[in-house]
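**Q** Sequence first, then the predicted structure, then my questions.
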Amino acid sequence: MKKAIIDAGLETEDLVERSHVEERYEEALALQPREVDQSSSKAKGMAQAAALKKKASEAPPKERPPAQNESGWWRMEDLSKAFKKYSEDPSAPEANYFMGKALQMAGQADQADEQYSLFYDRCVAIHQNRDKALKFYEQKIHILKKKQAKTLLRGAEPSVEDAKKLEDYEMMAACLPRVEAERAKRRKKTCVVA
């Protein structure tokens, strides 16, 4: 009995009474592989499952993607770097945009909407009205698209940083009418007829 317990990898030092030894022996027997008729389909399925489980446990752990995101999509590190850049000038509308984006990624939609609203207000204040602010971001988008087209014509890949900038300017341009529509919807809901 003791050999079967040790072979199963169970401790024997704490066993004092015979009843404890018998219980541990039953555990050891339960842990030992059972001989199964290898010709049955159930046995084959169990063997395949065991092989897959062993293969999965031997596979190296998944590596973290490289720091430079090649797809052009933002990651949290990229967002925090961008926000730090704009937080030096808190009156810059882009600081509010990046803060809103960070809050949105964190699942805090209400606070994100407040930051997007501040972004809208600051853009309108700087550019005198929404249309001029929208035109400003559309010009930035046009310049970056031209730059990417020239890069592609030369046979090179567009830079990841330009892809991120382009995405941001497109999102900033889309944010302006969206905030305005949200405000109009809120005004409709709160309007009281006297």
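**A** Sure, I can see it.
**Q** Which parts of the protein belong to which domain?
**A** 1-32, 76-190 (automatic domain parsing).
**Q** Show me the shaky parts of this protein.
**A** For the chain, the stretches flagged by pLDDT under 70 are 33-43, 45-46, 52-76, 78-79, 81-83, 85-87, 90, 191-194.
**Q** so where's the longest helix in it?
**A** Longest helix of the chain, by residue count under DSSP state H: helix 160-190.
**Q** Figure out how far that helix is from the centre of its chain.
**A** Centroid separation for helix 160-190 versus its chain: 21 Å, with C-alpha atoms, centre = their mean, to the nearest Å.
**Q** And the helices in this protein?
**A** Going by DSSP H, the chain shows helices at 2-7, 18-31, 41-58, 76-87, 93-105, 109-127, 130-153, 160-190.
**Q** Sort out which residues of the fifth one are buried, please.
**A** It refers to helix 93-105. Residues of helix 93-105 classed as buried: 93-104 (neighbour count, 16 or more other C-beta atoms under 10 Å). For the C-beta atoms, the positions are set from N, CA and C on the backbone; glycine is no exception.
**Q** winner for burial among the helices of the chain?
**A** With neighbours taken as mean count of other C-beta atoms under 10 Å, these reach their highest mean count in helix 93-105, at a mean of 21.
**Q** Now do it against helix 109-127, angle only.
**A** With axes from the mean of the first three to the mean of the last three C-alpha atoms, to 10 degrees applied, the angle from helix 93-105 to helix 109-127 works out at 170 degrees.
**Q** Can I get helix 93-105 as CSV, trimmed to CA atoms?
**A** This file holds the C-alpha atoms of helix 93-105, laid out as CSV (Å, rounded to 0.1, in the frame of the first residue of the first chain):
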residue,chain,number,x,y,z
PRO,A,93,-8.7,71.0,-26.9
GLU,A,94,-6.7,67.8,-27.8
ALA,A,95,-6.0,67.3,-24.1
ASN,A,96,-9.8,66.9,-23.5
TYR,A,97,-10.1,64.7,-26.5
PHE,A,98,-7.4,62.3,-25.3
MET,A,99,-8.8,62.4,-21.7
GLY,A,100,-12.2,61.5,-23.1
LYS,A,101,-10.8,58.7,-25.1
ALA,A,102,-8.9,57.3,-22.1
LEU,A,103,-12.1,57.5,-20.0
GLN,A,104,-14.1,55.8,-22.7
MET,A,105,-11.6,53.0,-22.9
